[in-house]
Structures are given as structure tokens and as C-alpha cells.
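Asker: model this:
(2 chains)
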Amino acid sequence: MARLEGAWKWGARVAVVLPFAALVFVVAVLALNAYPAVKVNGGGFFTGSAWKIGSTYAATTRTDGVAHPVGSSYGAWPLVAGTLQTSAIAVVIALPISIGCAFALTERLPRWVSRPLGFAIELLAGVPSVVLGLWGVLTFGPALSKTLYPFLADHLPHVPVLSFFTGTVGHGEGLLTGGFVLTLMIVPIITATTADLFRQVPALPKEGGEALGMTDFEVASKITLRWVRSGIIGAAVLGLGRALGETMALVLTVGAIFQLAPNVYSPMSTIAAAIATQLDSSLTDGTGFAVASIAELALVLAVISVLVNLAARWIVHRTSRLGGPVGRGA
Amino acid sequence: MPRARRRSVFTVLFRAGTVLALLLVLSPAVWLLAGVIGKAAPHWQWSVLWTNLQGENGGLLGPIVGTLVLMAGVLVLAGSVGVLAGIHLAELSRPNRRGRAGGTWLRMAADVLSGVPSIVLGYVGYVALVVGLHWDFSLLPALLVLSVMVVPYIAKATETALRQVPTSYREGAEALGMSMGHSMRRVVLKSAAPGIVTGLLIALAIAGGETAPLLFTAEFSSTVWTGSFVHAHGFGYLTYLVYQYWSYPSQHANYLSYDAGLILVAMVLLLLVGARVIVARTQRHTEYRGR
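Answerer: Have a look, this model is predicted:
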């Protein structure tokens, strides 16, 4: 009996170290594999916009002692920009919607309505991203490209920012469709975290506000929202972390073409989508330099999303004791 | 506009806004569900569930078995590691000098790990396990990568569930002379069980619906799993069909892709509803209060 007791404690001691070990392993593998690519690609990796494996038939050449095919060039600027664009669209649309949903669920609707609705939103978070992607490319994107997109493209004026919304509409595979699908994926995360924060706002200040004759809009904006302000920023950054790392839904809906989107309807790609679509063709590079460049891409993505996630957790943790995870971080 | 008028306008706008926000989320969600069912239902045949997949023809037996095997493996591997890690974080790690809960660095490592995008984990699995250890595309590398992905989640759910068990339970068990192991098994874990099981079910739903890390660790195979963990030259699962077969020229392949999507959605919804039912049922009988 005593021996069994010791056994599970030792098991727990080993288990708790495993995530840390896995993290060290992941970072080490990425760094080791990306090193040759980092050395050769240098700063051009972030400024260049051509992603070419080079001639895999000709003789290989060497730069700084690293072998790679003649004519290879790795510039990830369109991918970095694409990742930021899709994520920005998703967060900017998702944040107000999520705050509205959280208010509706916690403050406005009776419990027998808000519970099933809240559960429905939770279910949305559980839909596999590849299924969302398939729906996005088969149903959602084409439908929007025939209705909403032409309307926007025809009616928005040619002023800075908004002119990005004019021009050819395409068939529904592109930046905006991807951004909308991402929005659907992060709304449940931001809504659940925000609703949790709202439930922690004590009733007394809200009742006091109402007793002073404040309308429910004034109570919401001047008391509830202000009480959890930084927590909501944390929730939005949590959603951002999820958006940055999302792969399958975007591979299917953004068209996965290596280019900086000329307008908001055009096909483009993100870092995560590029890793998924490029690994196969990278294997044709006998020198292994293409796979090393993918490692550099993976390293950049991991660093960005880990920093964003840590920042989010720090902000949420500072303002709330609960703030548990809703769905996977990224 | 007079002040009183402006205030009532804002109130109406606010109320309409919250309802509009709900509609903006729920209507695409309903559209999504209708779309998934609408694509698969017209040609649905129950025989896809038990017919072998042959290239672009046949049914989905192999991939369905593959996804179930992956989920079972994740339950065993990530489940045991995650629950044990959660127990350590909640019960065994000593409080630090300022009296806060211990294990800060290990918890932080798990948080960081859960922030690493799944496609990055898949790449590491490919380089280190599939190529590095010559395991080839097969079950074990896929299982390890999926487990690394969901262990932080299970650990967090377990820790949260354990922290919600009232201290008086532990004190009562100790007062009755129970050893720590005994009181953990019979008292603490028992009342934390609904929370832990919920965490496990959600982790299973995540594992079953994942695609990106599997592309580079399991690739694909249309045959039913033969029982090999490594050197398998590919391992089939449902999400791959959703990702690839919709764009194939053959109509039957497209149908298989839609069918796989419907089965996946049904599976995930079943798991999540199951998790919710467990919480609701136990809430009625015990003091445990879930989120």
C-alpha cells in the first residue's frame, strides 16, 4: 500500500515535468533545423517576397558553408503580412461582437435562454477547423462573392484604407473570406472569457448605478466594461494568439497563393498555411535547404504566437482569478 | 438632441446591439451546420461506415477506425500524463515563499506549450520523429504530437477541478485517519471527477478534429490500421479526407469528403454534449459547481 502511494506521487512528479521537456525539445529542434536557413537568408527573410526553391536539377552552390540549389530565394514578407492581415480582420470584427454576446448572455437574457445559447457558441468552438474551412470554400465564400463583396466593392469610396475594399471581387477565396472564417473561430473564445469576466463584476456597484438612475447602457459602459477593461484586452489578445496559429481553415479559404493581397478579396497566404502547403514540394530539394527554411518559418510563427499568448495570459491573470482556458490556446 | 432623448436612444441601440451580436454569431453557426448536413445528406449511405476505402472509391472504414484509434491513444497517453500533471500542480507542489500556489514555472511551461501552433508541433514531429528516428508516417509520431498538444489542456482542467474541491473534504478525510493517497482516491478525485472527465472529453474532441499536425506525422493511408505503431508508410484519419478529397475530380471522392465532415461534426458535438450532460447530472447530486 505504501509502495503504491509512492508510485503515483513519482508518476505525478514525472508527468508535471513532461510539458516543460516537450517545450525545450520543440524549441531545440526548431532552432537546430532553422540555423542554416537563418545564416543564409539573413534579414532578407523578412523583407523579400519571393519564395523559390531554385533549380533542383542543376549543381548546388554554397553560401556561408551551407549547400543550397542555384537560384533559391526565401522571402517571407507576404506571409508575415498575410498572417497579420487575417488576424487583424478577425480580431477587429470579433471583439465588438463578442462583447455584445457576453452582455446578452450575462446581463440581458433570462437564464433559460442564455444557457442554451452560450452552449451553442461553445459548440461552435468545437467544430473542427478543417470542416469550417470546407464550408468556407464551398458555401460561405462563393455566397459572399456573389452578394456582399460586389456590394462593398461598388459602394465603398476610393479613400485610403477603404480603397483596399474595391476592385475585382473574385470567387470567394481570399483574405476577407479567411478573415471572416477566423472571426467565427475566435468569437467563442473571446465571448466565453469576457462573459466570465462580467460574472465577476460585483453586483453592488451595478445596483448602485441603477439606483442612481443610470440606464442599462450607462451601467454597462461606465461600470461593467470599465471594471474589466484590461481583462477584455487580454481576451482579445487570447483570440489573436489563436488566429495567428490557425492553419487548416485558412489553407482552404484564402487561396494559399504566395502574394501580398492587392485587395481584400484576393487570394494570399499566411505563415501557418504556407508551412502546411510547402512541405511536400520542399522535400524535392536534395540539399535540405528548403526544409530548413520551413523550420525558420515555423520558428518565427512559434515565437510570435507564444509571445502573444503569454501576454494575453498575463493580462487576463492580472485582472481575474479564474480566466481558465477556453478551447486550445492556438 | 436633448439629454434625456439621447440617453434613451443609446439604451435602445445598446439593447439592439447585443441581440444583433448574438445573431451575427448564431446565424453563421446555423448556416454552417445546415451546410455540412446539406452537402452530405442527399447522397448519404450508411454503408460508408463499414466499407473499405479504395483510392477514391468505397467507404470510410479505414479513416473512421484511424480517428477512433488516435482518440483512444490520446486518451491513454495524454490522459494519464495530463491528469497526473494536474494533480501535481494542484495538490503536491509546495506553495512558494509568498504563500502562493507552487509549480509556477511548470504551469507557465504548459501555458507556453499550449500557445505553440499545432502546425509547428507537426513540423517538429516530422523532422524529429518521422525522419530523425526513421519512424516513417505512422501512428506513434501522430499520437505523440497530438498528446503534446492536449496535455496542457487536460492538466489545466484537472488542476481547476481539484482546486474547486472544498478544503473541508480534505480535512475531514485527514481527521478520519485516511492517508493522503487514500483520501485522494476516495474523496478528492471523486468529487473532482466531473471536471476532469469534461476536460478529457474536450481534449478528445480537439484531437479527433485536428488536421495540421497529422499531415506531416501520419500523412495518409486508405487501409484499415493493421496494429503497427511505427514504419507503417501512412496512417488514415477522417480530417485528411475533408482537406483533400473535396477538390478531386471524381464525384464519389467529393461525396466522401462531405461525409467525413458530417461524421466529424457529429462525433465532436456528441463529445461536447456528453461533457455538458456529465456536468449537469453531477451538479444535481453533489456540491460540485462547474463553470
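Asker: what helices or strands is the lowest-mean-pLDDT helix or strand in chain A leaning on?
Answerer: Within chain A, no helix or strand scores below strand A:55-63, which has a mean of 75 by mean pLDDT, DSSP states H and E. Applying 3 or more C-beta pairs under 8 Å, 6 or more residues apart in numbering or on different chains; DSSP states H and E, we find strand A:55-63 packed against strand A:66-70. Any C-beta I mention is one placed from the backbone N, CA and C, and that applies to glycine too.
Asker: Return the residues in contact with residue 41.
Answerer: Went with chain A since none was named. A:74, A:293, A:296 (C-beta atoms under 8 Å, 6 or more residues apart in numbering or on different chains).
Asker: wrong chain, I was asking about chain B
Answerer: Per C-beta under 8 Å, 6+ apart, neighbours of B:A41: B:L262.
Asker: Can you tell me the SS state at it?
Answerer: helix (DSSP: H, G, I helix; E, B strand; the rest coil).
Asker: where's it relative to B:V242, distance?
Answerer: 16 Å (C-beta to C-beta, to the nearest Å).
Asker: what are the ranges of the strands in the chain?
Answerer: I went with chain A, as the question did not name one. A:51-52, A:55-63, A:66-70, A:73-74 (DSSP state E).
Asker: Not quite, go with chain B.
Answerer: Going by DSSP E, chain B shows strands at B:53-54, B:57-58.
Asker: For chain A, which of these is the nearest?
Answerer: For chain A, the closest of those is strand B:53-54, at 17.5 Å, according to C-beta to the nearest C-beta.
Asker: which neighbours does that closest one have in its sheet, and in what orientation?
Answerer: strand B:57-58 (antiparallel) (DSSP bridges).
Asker: for the stretch 201-330 of chain A, what are the low-confidence residue spans?
Answerer: A:319-330 (pLDDT under 70).
Asker: ok, which residues in it are in contact with chain B?
Answerer: Residues of the stretch 201-330 of chain A lying close to chain B (C-beta under 8 Å from any C-beta of the partner chain) are A:215-218, A:220-221, A:241, A:244-248, A:251-252, A:272, A:275-276, A:279, A:291, A:294-295, A:298, A:301-302, A:305-306, A:308-310, A:313, A:322, A:324-325, A:327-330.
Asker: by how many degrees do the least confident helix or strand of chain A and strand A:66-70 diverge?
Answerer: 140 degrees (axes from the mean of the first three to the mean of the last three C-alpha atoms, to 10 degrees).
Asker: Buried by neighbour count: which residues of strand A:55-63 qualify?
Answerer: A:56, A:60 (16 or more other C-beta atoms under 10 Å in any protein chain shown).
Asker: burial count for residue 15?
Answerer: Let's take chain A. A count of nearby residues for A:A15, using other C-beta atoms under 10 Å in any protein chain shown, gives 21.
Asker: think we crossed wires, I meant chain B
Answerer: B:R15: 16 neighbours (other C-beta under 10 Å).
Asker: What of the one 3 residues further on?
Answerer: Around B:T18 sit 21 other residues, with neighbours defined as other C-beta under 10 Å.
Asker: any idea how far it is from A:L105?
Answerer: 9 Å.
Asker: cool, and B:P152?
Answerer: For B:P152 relative to A:L105 (C-beta to C-beta), the value is 27 Å.
Asker: Give me the more crowded residue out of those two.
Answerer: Legend: neighbour count by other C-beta under 10 Å for B:P152 and A:L105, higher for B:P152 (29 against 25).
Asker: Now do the same contact list for that one.
Answerer: A:19, A:329, B:82, B:110-111, B:113-114.
Asker: What pairs with the least confident helix or strand of chain A, parallel or antiparallel?
Answerer: strand A:66-70 (antiparallel).
Asker: I figured B:V130 was touching B:L139, is that so?
Answerer: No: using C-beta atoms under 8 Å, B:V130 is not in contact with B:L139; the gap is 11.6 Å.
Asker: follow-up on the earlier one: just name the most buried of the strands of chain B.
Answerer: strand B:53-54 (a mean of 17; mean count of other C-beta atoms under 10 Å in any protein chain shown).
Asker: List the contacts of it.
Answerer: With C-beta under 8 Å, 6+ apart as the criterion, strand B:53-54 contacts B:59-63, B:222-223, B:236, B:256.
Asker: Chain neighbours aside, what residue packs nearest to B:E56?
Answerer: Using C-beta to C-beta, 6 or more residues apart in numbering or on different chains and skipping the chain neighbours, the partner closest in space to B:E56 is B:A253 (4.0 Å).
Asker: can you give me the helices in the stretch 151-300 of chain A?
Answerer: According to DSSP state H, counting those that start in this stretch, the stretch 151-300 of chain A carries its helices in the segments A:175-200, A:203-211, A:216-219, A:225-227, A:229-245, A:248-253, A:271-282, A:289-319.
Asker: scratch that, the stretch 1-150 of chain A is what I was asking about
Answerer: Using DSSP H, counting those that start in this stretch, helices in the stretch 1-150 of chain A cover A:2-41, A:44-47, A:77-103, A:111-126, A:129-135, A:141-146, A:148-155.
Asker: out of the ones you listed, which comes closest to A:P205?
Answerer: Closest of the helices of the stretch 1-150 of chain A to A:P205 is helix A:77-103, at 16.1 Å (criterion: C-beta to C-beta).
Asker: ok, and for the closest one, which residues are buried?
Answerer: So for helix A:77-103, counting by 16+ other C-beta under 10 Å, buried means A:77-87, A:89-91, A:93-95, A:97-103.
Asker: Within reach of chain B, which of those are there?
Answerer: Among these, chain B is touched by A:97-101, A:103 when using C-beta under 8 Å from any C-beta.
Asker: between those residues, which is closest to chain B?
Answerer: Checking these one by one against chain B (C-beta to the nearest C-beta), the nearest turns out to be A:G100, at 2.6 Å.
Asker: ok, the closest residue to the closest one other than its chain neighbours - contacts?
Answerer: The shortest distance from A:G100 to any non-neighbouring residue, by C-beta to C-beta, 6+ apart, is to B:A21 (2.6 Å). B:A21 is in contact with A:96-101, A:103-104, counting by C-beta under 8 Å, 6+ apart.
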